[in-house]
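> fold the following and give me the result.
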Amino acid sequence: MFGMEFGFLYFYWGHIVMILLGAFFIYLGAAKDYEPLLLVPIGLGMILVNLPLGGLMDYQLEYKAPTSGTIQQIAKLDTIVNEGDLMFTIVNPSHLEDPPVKVFVRVTELKGAKVSAIGKIDGREIQPGDTVLIGEPIATIKINRPPPLAEQMVPVGLISRFFNYGLVWEIIPCLIFLGLGALTDFGPVIANPKSLLLGAAAQFGVYFVFFSALLLGRFWPDIFHFGLKEAASIGIIGGADGPTTIYLTQKLAPWLLGTNAVAAYSYMAMVPLIQPPIIRLLCSKKEIATYMKPQIRNVSRLEKIIFPVFGAIIIIMFVPQVAPLIGMFMFGNLLREVSGTQRLAKTAQESFIDIVTIILGITVGAFMAAESFLRPEALAVFFLGLIAFAVSTAAGVFMGKIMAKFSKEPFNPIIGAAGVSAVPMSARVVQRMGQKANPRNFLLMHAMGPNVAGVIGTAIAAGFFLGMLG
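Sure, this is the predicted structure:
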């Protein structure tokens with residue numbers, strides 16, 4: 001009617017599932033207060049991208065003549081095209097003995113994953129019978145969902161521009177790290193360097209799931225297309241660090257970006273649900289109630305200024321691939337510690353990181369189109385991500401138990417659970433559990449050490465994967 005199109009004509013059950021999932025994320029953030037700053041924008045992004053013809057994640061792909069000749073046939077304007085459909089046929093009049101050159105729609109086949117209707121012919125500059133030169137534009141397709149090869153296309157939607165220039169160019173994760181650095185106090189790590197061991201131990205889940213994903217891809221290759229790069233991108237979810245997960249996945253397996261990012265942020269938000277049962281399973285009531293003196297060594301301002309500078313130098317020298325993340329993280333922390341840059345630090349801690357988080361959240365959610373998410377691979381990523389996070393938590397607790405045996409002072413092993421880099425959610429979980437078991441306990445400062453160490457450890461693990469596979 002009057003040339004108008006209605007979204008419900010293209011609505012199917014997958015959109016309903018994803019809209020309900022987005023609404024569930026908003027519910028967790030708004031009603032349950034599980035990381036609302038992340039889950040609310042992610043949930044809304046999931047809803048918006050699954051409303052057909054909304055155009056927020058549209059990309060445009062231009063088809064050009066592969067040879068000079070005459071257009072014999074071409075897809076009609078406004079036609080909905082599928083993977084493998086004929087775009088146009090071109091005949092070279094100077095080589096009539098050669099068969100016509102046929103150009104097909106080929107933009108979404110990747111790692112064995114195909115989707116149905118990928119988009120619509122929204123531009124056509126050539127008619128049948130026209131003569132064209134090699135490289136001349138023939139037609140354009142507008143794709144109404146985020147494709148796996150977005151970097152080869154032109155973003156024309158609002159959120160697709162955020163995605164392309166923020167995530168594909170790997171800018172937003174680095175800016176998030178700058179803000180996190182400005183919010184981070186390295187005092188507990190400097191006061192107790194042994195906490196670095198807990199942060200390192202908590203990376204075990206990353207490597208455990210790396211090999212688990214490889215096994216899935218090895219034994220069921222027709223269902224799970226997991227190679228080395230995909231396995232590394234899935235394993236890093238175990239570090240519970242959203243920006244690092246996004247950064248590594250975009251480098252190694254961009255077709256998994258939406259699924260991995262949502263999995264990472266989901267488990268970060270659900271730390272209060274996931275970690276306590278694991279801690280109770282591995283630690284006795286007596287161990288959980290172990291009293292630790294709340295005071296830690298006073299750390300001087302000079303130490304806090306030196307640490308990010310030397311930390312950046314040492315880490316980047318050993319793992320240069322992680323320079324963007326570690327460099328921004330340490331830079332943000334340096335702003336925090338230098339008295340003359342407090343204005344910059346305050347901006348980085350508040351409005352700056354808030355703006356970047358808004359863009360990140362809604363963009364990650366908008367990558368969760370039903371066509372790309374409702375696949376066995378995506379569900380496997382969520383399951384493996386949960387295993388990675390659980391194993392990382394358990395490994396941190398086991399390291400805490402080992403350190404407790406050799407410590408001269410009373411040592412509560414549950415602070416090892418804070419070795420994952422969900423800052424400060426894991427440290428708060430440890431504080432609540434320790435204080436509930438023993439009201440005298442104040443474990444927050446002790447737990448912040450391994451928590452901050454976990455951020456560094458996950459970034460180093462990502463750098464290791466990039467160095468080996470990038």
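
> need the distance between the two termini of stretch 327-345.
End-to-end distance for stretch 327-345: 15 Å, by C-alpha to C-alpha, to the nearest Å.

> no wait, stretch 284-298
31 Å.

> and what of stretch 251-259?
Termini of stretch 251-259 sit 15 Å apart (C-alpha to C-alpha).

> same check, this time on stretch 357-374
Termini of stretch 357-374 sit 26 Å apart (C-alpha to C-alpha).

> same check, this time on stretch 246-266
13 Å.

> one more: stretch 365-373?
11 Å.

> run through who's touching that stretch.
12, 14-15, 17-18, 21-22, 25, 41-50, 56-57, 113, 115-116, 145-146, 148, 159-160, 163, 257-259, 261-262, 378 (C-beta atoms under 8 Å, 6 or more residues apart in numbering). No exception for glycine: its C-beta is placed from N, CA and C like everyone else's.

> let's see 6 Å
Contacts with stretch 365-373, where a contact means C-beta atoms under 6 Å, 6 or more residues apart in numbering, come from 14-15, 18, 42, 45-46, 49-50, 57, 115, 145-146, 159, 258, 262.

> do the same with stretch 193-205
Against stretch 193-205 from outside (C-beta under 6 Å, 6+ apart): 189, 238, 388, 391-392, 395-396, 399, 416, 419-420, 449-450, 453-454, 457, 461.

> these in strands, which ones?
Among the contacts of stretch 193-205, DSSP state E puts none in strands.

> give me the buried subset of the residues you listed.
With burial judged by 16 or more other C-beta atoms under 10 Å, the buried subset of the contacts of stretch 193-205 is 189, 238, 388, 391-392, 395-396, 399, 416, 419-420, 449-450, 453-454, 457, 461.

> so which residues of the protein form strands?
59-64, 69-74, 80-81, 86-91, 101-104, 119-124, 131-132, 137-143, 154-155.

> just put those strands in a markdown table and tack on distance to residue 338 and mean pLDDT.
Compiled in a markdown table, those are given as follows (distance: least, C-beta to C-beta, whole Å; pLDDT from 0 to 100):
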| stretch | distance to residue 338 | mean pLDDT |
| --- | --- | --- |
| strand 59-64 | 43 | 78 |
| strand 69-74 | 62 | 76 |
| strand 80-81 | 56 | 70 |
| strand 86-91 | 58 | 76 |
| strand 101-104 | 58 | 69 |
| strand 119-124 | 50 | 68 |
| strand 131-132 | 61 | 78 |
| strand 137-143 | 47 | 77 |
| strand 154-155 | 38 | 82 |
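
> please identify the most buried of the ones you listed.
strand 137-143 (a mean of 21; mean count of other C-beta atoms under 10 Å).

> filter the buried ones among the contacts of stretch 193-205 down to the ones in helices?
189, 388, 391-392, 395-396, 399, 449-450, 453-454, 457, 461 (DSSP state H).

> can you list those residues in a markdown table and add distance to residue 181 and pLDDT?
A markdown table is the format used below for those (distance: C-beta to C-beta, whole Å; pLDDT from 0 to 100):
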| residue | distance to residue 181 | pLDDT |
| --- | --- | --- |
| 189 | 13 | 93 |
| 388 | 24 | 93 |
| 391 | 27 | 96 |
| 392 | 22 | 95 |
| 395 | 25 | 96 |
| 396 | 22 | 95 |
| 399 | 25 | 96 |
| 449 | 16 | 92 |
| 450 | 17 | 94 |
| 453 | 14 | 94 |
| 454 | 14 | 94 |
| 457 | 15 | 94 |
| 461 | 18 | 95 |
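
> quick one: which of those residues is nearest residue 283?
Closest approach between those and residue 283, by C-beta to C-beta: residue 396, at 11.5 Å.

> kindly provide the distance from that closest one to residue 231.
Distance, residue 396 to residue 231, by C-beta to C-beta, to the nearest Å: 22 Å.

> could you do residue 339 as well?
Distance of residue 339 to residue 231, given as C-beta to C-beta: 45 Å.

> these two: which has the busier surroundings?
Between residue 339 and residue 231, counted using other C-beta atoms under 10 Å, residue 231 has the larger neighbour count: 26 against 8.
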